[in-house]
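Asker: Could you look at this predicted model? Sequence included:
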Amino acid sequence: MSPTHEWRAGGCHCGGVRFEVALPARVEAQACNCSMCRKAGFVHIIVPESRFRVIKGAERLSTYTFNTGVARHLFCADCGIKSFYRPRSNPDGWSVNARCLDDDQSLDIEIVHFDGRNWEANAAALTHLSRED
């Protein structure tokens, strides 16, 4: 991990699930228009496995899968918020919801559009995001 990454905390609405993610001061996030992300308002920051950790509440997580069953959508069983999940595009990494970070205002987040409605044609554009720096 690059020394320019800082561990940042986040979590669900009720506080029962907490996580940390190592991010640089400037990050690119994806706003996806697939059926799941559009309805949930999820803004993706995809990181490698080594830059993510659950620090509280793993036992409170409930899993939802659909379609191919590869993506593992994880929700707090109490408040229903999906703070992070294992994405189909990056099964070796994690996607953190930028909106679930405690201090997203301290980050320079560039939000780019991702055409998830046409996922099969576009998913390869995301695979590099879970690679180590």
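Answerer: Yes, it's here. Numbering: from 1, shown residues only.
Asker: The nearest residue to Cys37 once chain neighbours are set aside: neighbouring residues, count only.
Answerer: Residue nearest to Cys37 in three dimensions, not counting chain neighbours: Gly116, with 6.0 Å by CB to CB, 6 or more residues apart in numbering. Every C-beta, even on glycine, is put in place using the N, C-alpha and C of the backbone. Residues near Gly116, counting by other CB atoms under 10 Å, number 20.
Asker: which ones are touching Gly116?
Answerer: With contacts defined as CB atoms under 8 Å, 6 or more residues apart in numbering, Gly116 is in contact with 32-34, 37-38, 122.
Asker: Those in helices, which ones?
Answerer: Counting by DSSP state H, those place 37-38, 122 in helices.
Asker: which of those lies closest to Arg51?
Answerer: Nearest to Arg51, judged by CB to CB, of those is Cys37 at 20.9 Å.
Asker: Contacts only, for that closest one.
Answerer: 31, 44, 116.
Asker: Next: Leu126.
Answerer: 30, 46, 87, 89-90, 114.
Asker: what residues does stretch 18-27 touch?
Answerer: By CB under 8 Å, 6+ apart, stretch 18-27 touches 1-2, 4-11, 45, 47, 50-57, 83-84, 94, 96, 98, 101, 106-110.
Asker: before we move on, the earlier item: by neighbour count, which of the contacts of Gly116 wins?
Answerer: Cys32 (24 neighbours).
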